[in-house]
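Q: Next come a sequence and a model predicted from it.
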Amino acid sequence: MKCSKRSWNKPLLISLYFFVILFLFWMSNAKLLARTEKQAQGVEIIPTADVDLDRAIALYRQGEYEEAIKIFYRILPLLSPGKKTEALYSMADCYRLIGRKEDAIKIYQLLVQSDPSSAFAPTAYFWEGKLLSELGNFAQAAGALKIALEKADPQTANAASFLLALCQLRIGEEEKGVCRLRELVEKSADLRVDAAAVLATYYESIFDWGHALEFWSIVLHESKDPQTKSKALTRCGWAAWKSGQAKEAEHYLTQASGGPPYTEWNRIANSGLFEFYLSQNRYKEAIQFYEKHKDGFIENQKENILLDLSTAYIEIKDYSKALSVIDLFLANYPKSSLVDLAVYRKIVANYYLEQGSLEKNAQQFFSQYPSSPYTYPLLYLEAEDFNRTGKFTLALPIWEKLESAHSSLVPKEAILLGRANAMYGLEKWSEAAELFKKFLTEYPKSREIVHVKMHLASVLEKGGEKKEALKYWQEALGSVKRTDPERQSCLEQIGILAYDLKENSLAAETMQKVLSEYPHSSYRGVAAWIVGQSKYDNKEYEAAKEYFSLAREAEPEKLYLAATLMLAWIAYHQDDVEKVCSYVQSYEDNYKKGAESIPTELYYWIASRLLQKGKLDLAVFYFKKVIQTAQSKEKYYISSLWQLAETERKLMNWKEANTYYLEFQKADPQNASNSPVLLGLAETQIALGQFADAQKNLEEVLLKEPEGENNAKARMLIGDNYLAQKNYREAAKAYTTLSLIYQDDTITPKAMQKAAFSFSKAGDNDQAAFWEKKLKEKYPKFKPDA
């Protein structure tokens with residue numbers, strides 16, 4: 001039996017298809033509705049404070065710290081305990097990040113007090129400790145850091161340990177701090193270099209150079225920062241040298257030295273290596289190194305290095321070169337505290353070149369530097385020379401003086417030998433008796449000790465030995481009570497002597513006590529002057545102004561002018577030209593013969609500032625002061641002539657301007673024919689009717705500068721020259737030529753305007769109208785000059 005193919009009803013199939021689709025859609029909607037209803041039953045309303053917390057934290061993360069803090073403050077009372085802790089931590093962080101350390105500390109402390117078991121607490125302790133240490137509260141910081149160390153994660157604990165060690169070094173727990181730092185060096189990869197650097201610096205401070213070298217070596221080999229490596233290399237050199245490891249010191253210092261260009265640590269290493277060569281008696285190498293790096297040493301060591309260089313030349317017997325170096329030192333550092341040493345070495349070098357000069361040079365030195373410690377080495381050299389030449393009578397008292405002086409600069413053995421030689425030459429076989437001891441040595445507990453010291457100080461001061469006098473005044477002050485009447489005299493004399501010896505810090509500190517403790521002191525004016533000078537040197541200008549004003553009031557006869565001048569300099573530093581003018585006028589009104597004159601540069605500054613402010617007449621007045629006080633070849637004199645010429649020209653004081661231009665040309669012949677000079681001079685000559693001279697100067701400018709702005713200005717003035725002579729055709733020709741060949745928004749429209757005017761005066765109205773029209777078309781906004 002055959003199987004027959006079934007035939008389906010097509011419309012029935014289509015209906016069945018749509019029915020299935022509708023059924024599935026209904027089922028899915030039903031399930032969705034059921035799910036939605038179920039979810040709706042579990043929805044919670046989020047509290048507003050939590051939303052604000054999220055917003056505040058978002059602001060904190062975006063760097064909007066101030067706004068975040070405002071929200072934190074508002075919502076803190078509304079938050080649950082856990083979220084309140086998070087808010088406190090974020091709030092403290094905000095304060096920390098905007099630099100309000102005290103506020104941050106308070107919030108961190110509140111956090112750990114309110115929720116000590118919080119996950120935020122360890123980190124809060126860490127930041128509290130760090131901020132306290134930054135504020136200098138090291139003991140309190142150490143307490144917080146110890147807790148952070150116990151509770152924090154390993155990374156934070158490491159950082160806390162490092163900071164705790166630093167605090168311990170500052171609060172007298174050095175042993176614990178060092179132990180902790182050593183542990184970090186051994187176990188902490190992140191902080192190993194930092195801890196080693198701190199340890200190295202600490203060991204340097206206690207002169208433990210061996211350990212300093214050990215830890216600087218770690219920094220050197222493991223630091224990734226070039227600057228830090230350079231510093232460590234140099235410090236290794238110094239530490240090795242100080243610990244007696246000469247070879248290693250030279251190795252490190254040689255590596256660290258160098259330049260140009262010179263870094264800070266290059267300079268320190270260069271200075272160290274130079275001194276190292278000298279310490280090893282390697283004088284030629286020291287000299288060669290200096291010549292190679294003469295500009296590459298520490299700034300505050302240059303004086304010493306230059307003098308040490310002279311020593312190197314003396315040691316290799318190159319005395320002429322030593323003299324050259326010493327002369328250079330004296331020229332560059334005439335006020336140095338080492339001048340007496342330089343002069344002493346100059347005498348030594350001269351002695352080996354011209355032995356007959358020693359006695360004369362030595363006497364000059366003793367007179368000029370009676371308190372110098374190098375008096376004794378020079379006396380030694382003089383005594384040796386007397387011994388060598390057989391003048392034992394002259395040598396003996398010098399040896400005796402040296403023996404009693406006990407100078408550290410002259411070896412005792414040398415003095416003993418020299419004296420023995422002198423005694424021998426004089427055939428005095430017995431030794432000389434010891435010198436009498438001074439009163440102060442024999443009776444150190446005498447009731448008169450204060451007065452003896454005061455009298456001794458006064459005598460020494462009158463004899464010119466001011467440094468030693470100061471020493472005895474200070475000893476006397478240390479021996480009196482605060483209520484003793486002698487205290488005032490001691491303070492006054494110490495202040496004056498210290499000021500004379502340029503020990504300005506001591507002088508100011510002492511005179512401040514005079515002013516506060518003894519307001520009616522007869523030295524009140526001098527005290528105010530000295531304190532004012534100190535404030536001025538420290539750029540504390542407002543305070544200095546107060547003291548100089550007091551000095552003027554207290555000592556008008558002696559200090560009014562000097563204090564007024566200092567007040568003028570203060571106003572100068574404060575860029576107050578009106579005040580400077582006022583003080584200068586007061587100074588001039590009260591000037592007395594023999595007083596210091598107003599410095600030329602101050603007059604020049606006043607004039608220049610007035611010129612900048614557009615006060616031309618006053619500027620002229622002070623520029624004239626400059627040329628009245630300055631030398632004719634000084635820069636201020638020449639510059640002032642030029643400024644006077646230009647300013648008088650702007651003021652249309654043609655005769656005065658002309659005179660100053662001509663004086664400028666005489667004073668500065670190199671710039672006499674510069675285009676600006678010739679142009680300015682020509683303008684005054686036109687105004688004064690010196691047309692031929694003006695034409696000559698302007699033609700010279702055209703020859704010098706065939707194009708450009710000065711060429712254009714010269715052409716304009718040529719037109720003005722013709723115009724002044726009523727030669728309108730030539731004037732018009734000059735102006736039209738200028739307007740055609742030079743295009744400038746300032747010069748060209750002026751040339752067109754003057755061309756139209758000249759044509760009008762010449763009767764050529766067509767050309768005048770043409771140029772007026774052209775001017776309006778090309779420069780519609782141009783406003784003609786008067």
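A: All right, it came through fine.
Q: Return the backbone torsion pair for residue 781.
A: Phi and psi for residue 781, reported as degrees, to the nearest 10, are phi -90, psi 0.
Q: nope, residue 334 is what I meant
A: As for residue 334, its main-chain torsions (degrees, to the nearest 10) stand at phi -70, psi -20.
Q: So it versus residue 619, what's the distance?
A: Taking CB to CB, to the nearest Å as the measure, residue 334 and residue 619 are separated by 36 Å. Placement of C-beta: from N, CA and C, glycine included.
Q: Of these two, which one has the most company?
A: More crowded of residue 334 and residue 619, by other CB atoms under 10 Å: residue 619, with 22 against 9.
Q: That one: which element?
A: helix 616-629 (DSSP states H and E).
Q: what do you get for residue 212?
A: helix 209-222.
Q: what residues does that helix touch?
A: Helix 209-222 is contacted from outside by 185, 192-193, 196-197, 199-201, 203-204, 228-229, 231-233, 235-236, 239-240, 242-243, 245, 248, using CB atoms under 8 Å, 6 or more residues apart in numbering.
Q: next SSE after it?
A: With elements assigned by DSSP H and E, the helix or strand that comes after helix 209-222 is helix 226-242.
Q: how about that following helix: buried residues?
A: Neighbour-count burial for helix 226-242 flags 228-242 (criterion: 16 or more other CB atoms under 10 Å).
Q: Please apply the same query to stretch 565-579.
A: Those would be 565, 566, 567, 568, 569, 570, 571, 572, 577, 579, for stretch 565-579 by 16+ other CB under 10 Å.
Q: farthest-separated two in those residues?
A: With CB to CB as the measure, no two of the buried residues of stretch 565-579 lie farther apart than 566 and 577, at 16.8 Å.
Q: gap between the helix holding residue 619 and the chain center?
A: Distance, stretch centre to chain centre, for helix 616-629: 33 Å (CA atoms, centre = their mean, to the nearest Å).
Q: same question, stretch 118-127
A: Remark: stretch 118-127 is offset 41 Å from the chain centroid, using CA atoms, centre = their mean.
Q: Dump that stretch to PDB, keeping only the CA atoms.
A: Extracted C-alpha coordinates of stretch 118-127, given in PDB (Å, rounded to 0.1, in the frame of the first residue of the first chain):
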ATOM      1  CA  SER A 118      37.800  50.400  63.300                       C
ATOM      2  CA  ALA A 119      39.800  49.300  60.200                       C
ATOM      3  CA  PHE A 120      40.500  53.000  59.700                       C
ATOM      4  CA  ALA A 121      42.100  53.400  63.200                       C
ATOM      5  CA  PRO A 122      45.700  52.100  62.400                       C
ATOM      6  CA  THR A 123      46.100  54.400  59.400                       C
ATOM      7  CA  ALA A 124      44.600  57.300  61.400                       C
ATOM      8  CA  TYR A 125      47.200  56.700  64.100                       C
ATOM      9  CA  PHE A 126      49.900  56.800  61.400                       C
ATOM     10  CA  TRP A 127      48.700  60.100  59.900                       C
END
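Q: Give the rounded mean pLDDT of stretch 489-504.
A: The pLDDT scores in stretch 489-504 average 90.
Q: and for it, what are the contacting residues?
A: Outside stretch 489-504, the residues that touch it by CB under 8 Å, 6+ apart are 335, 454, 457-458, 461, 466-467, 469-470, 473-474, 476-477, 480, 506-507, 510-511, 513-514, 517-518, 521, 523, 526-527, 530, 533-534, 537.
Q: Any of these buried? List them.
A: Buried members of those, scored by 16+ other CB under 10 Å, are 454, 457, 461, 466-467, 469-470, 473-474, 476-477, 480, 506-507, 510-511, 513-514, 518, 521, 523, 526-527, 530, 533-534.
Q: returning to what we had before: from the buried residues of stretch 565-579, pick the one nearest residue 252.
A: So of these, ranked by how close each gets to residue 252 (CB to CB), first place is residue 569, at 47.1 Å.
Q: Kindly export the strand or helix carrying the closest one (C-alpha atoms) in CSV.
A: Secondary structure assigned from DSSP H and E places residue 569 in helix 556-573. Extracted as CSV, the C-alpha positions of helix 556-573 are listed here (Å, rounded to 0.1, in the frame of the first residue of the first chain):
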residue,chain,number,x,y,z
PRO,A,556,70.5,114.4,66.9
GLU,A,557,74.0,115.9,66.9
LYS,A,558,75.8,112.6,66.1
LEU,A,559,73.3,110.4,64.4
TYR,A,560,70.6,112.4,62.8
LEU,A,561,72.2,112.5,59.4
ALA,A,562,73.5,108.9,59.4
ALA,A,563,70.1,107.6,60.6
THR,A,564,68.2,109.7,58.0
LEU,A,565,70.4,108.3,55.3
MET,A,566,69.6,104.8,56.5
LEU,A,567,65.9,105.6,56.5
ALA,A,568,66.3,106.8,52.9
TRP,A,569,67.9,103.4,52.0
ILE,A,570,65.0,101.6,53.7
ALA,A,571,62.5,103.5,51.6
TYR,A,572,64.6,102.7,48.6
HIS,A,573,64.4,99.0,49.3
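Q: Could you list every helix and strand in contact with it?
A: If you count contacts as 3 or more CB pairs under 8 Å, 6 or more residues apart in numbering; DSSP states H and E, helix 556-573 packs onto helix 524-537, helix 541-554, helix 577-589, helix 600-612.
Q: swap the cut-off to 6 Å and go again
A: helix 541-554, helix 577-589 (3 or more CB pairs under 6 Å, 6 or more residues apart in numbering; DSSP states H and E).
Q: what about it, distance to the chain center?
A: 25 Å.
Q: Excluding its own residues, what touches it? List them.
A: With CB atoms under 6 Å, 6 or more residues apart in numbering as the test, helix 556-573 has contacts from 525, 529, 541, 544-545, 548, 551-552, 579-580, 583-584, 586-587, 595.
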